[in-house]
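Novice: using only what follows, build the 3D model:
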Amino acid sequence: MAPAMTVLAAWSAAKPGPLWLIDPDRLPLGRYQAAAEAYLSAGGQWALVGTSFAAYADLHSWCCEANRLTPLPLVLFPGSLTQLSPAVAAVLFLFLASGRNPHYLIGAHVEAAPLLHRWQMEVIPTTYILTGERPRAVHYITQTQPIPPDKPELLQATALAGQLLGQKVVYVDAGSGADAACPPEGIAAIRAVCSGPLLVGGGIRDPETAAALLSAGATFTVIGTAAEKYPFSRQAWEAFFSVCIP
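Specialist: Now for the predicted structure:
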């Protein structure tokens, strides 16, 4: 029997489109099953799970129960070591390249590595780039400054540095609830030098914004806050999937 495809391999071959980001603090398990089924039925194949600051949810317990409720594969987008869990398909090993806080450049990785090795998880080395006009929760928690969104050359150089260091994925994030998404020019600049999966999140509230980012080279447009507010129905998700690049 052929080995199962890894999440990274599947993402590398995936058709560009939306990717759901779940904050367990904002999506109780009582509402999760219906929300996940709507996403799956519209074409969703994976979901990110994690948050900058988990105030209420036990993320491991949440993921265990979510796995019992639906077959949707979860990929961990951890905000801290307390959010690590083996109850996911893979974990993004985040290298916060836009900041200069040593904890998020190597400190947290050293602390997490023994657990991830013990659990034999799929670990996806990810260049994580924060951008935006003003700080969001993720900037406060990480004590880092965002790269100005009107500086595509800085976004490009940062992503390229991550690629040269061996990172496999780039994730550009304006932060949860951002006023605006990263401009397509910045995404196009990154795509010009990086060939792997490119995730773009923050400030994406409508299919038109998602379409512009996909056209610029994004692999996935990460939809979090917008999905929390409704929660999305199948029809709402289909509107985002309808702008996918063929």
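Novice: so where's the chain shaky on pLDDT?
Specialist: Counting by pLDDT under 70, the chain contains low-confidence residues at 1-3, 55-56, 229-231, 246.
Novice: let's go with 90 and repeat that
Specialist: By pLDDT under 90, the low-scoring segments of the chain are 1-4, 25-26, 28, 51-57, 82, 133-141, 175-177, 225-233, 244-246.
Novice: do a quick rundown of the helices in it.
Specialist: Ranges of helices in the chain, per DSSP state H, are 7-13, 29-42, 59-69, 102, 108-119, 137-142, 152-164, 184-191, 207-216, 225-229, 234-241.
Novice: correct me, but Trp11 touches Pro197?
Specialist: Yes: using C-beta atoms under 8 Å, Trp11 is in contact with Pro197, at 4.3 Å. For every residue, glycine as well, the C-beta is placed using N, CA and C.
Novice: who touches both of those two?
Specialist: Counting by C-beta atoms under 8 Å, 6 or more residues apart in numbering, the shared contacts of Trp11 and Pro197 are Val169, Thr219, Phe220.
Novice: export the residues you listed as a markdown table, with columns for neighbour count and distance to Leu116.
Specialist: Below are those laid out as a markdown table (neighbours: other C-beta atoms under 10 Å; distance: C-beta to C-beta, whole Å):
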| residue | neighbour count | distance to Leu116 |
| --- | --- | --- |
| Val169 | 25 | 16 |
| Thr219 | 22 | 23 |
| Phe220 | 25 | 22 |
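Novice: can you tell me which of those are in strands?
Specialist: Residues of these located in strands (DSSP state E): Val169, Phe220.
Novice: what is the nearest of the shared contacts of Trp11 and Pro197 to Ser80?
Specialist: Val169 (19.6 Å; C-beta to C-beta).
Novice: hey, which of the helices of the chain is tucked in deepest?
Specialist: Of all the helices of the chain, helix 184-191 has the most neighbours on average by mean count of other C-beta atoms under 10 Å, namely a mean of 21.
Novice: hmm, who's touching that helix?
Specialist: Contacts for helix 184-191 (C-beta under 8 Å, 6+ apart): 131, 149, 151-153, 155-156, 159, 170, 172, 198, 200, 212-213, 215-218.
Novice: which residues does the nearest residue in space to Cys64 that is not next to it in sequence contact?
Specialist: Among residues not flanking Cys64 along the chain, Ala87 sits closest, at 4.7 Å (C-beta to C-beta, 6 or more residues apart in numbering). Contacts for Ala87 were tallied using C-beta under 8 Å, 6+ apart; they are His60, Cys63, Cys64, Asn67, Leu74.
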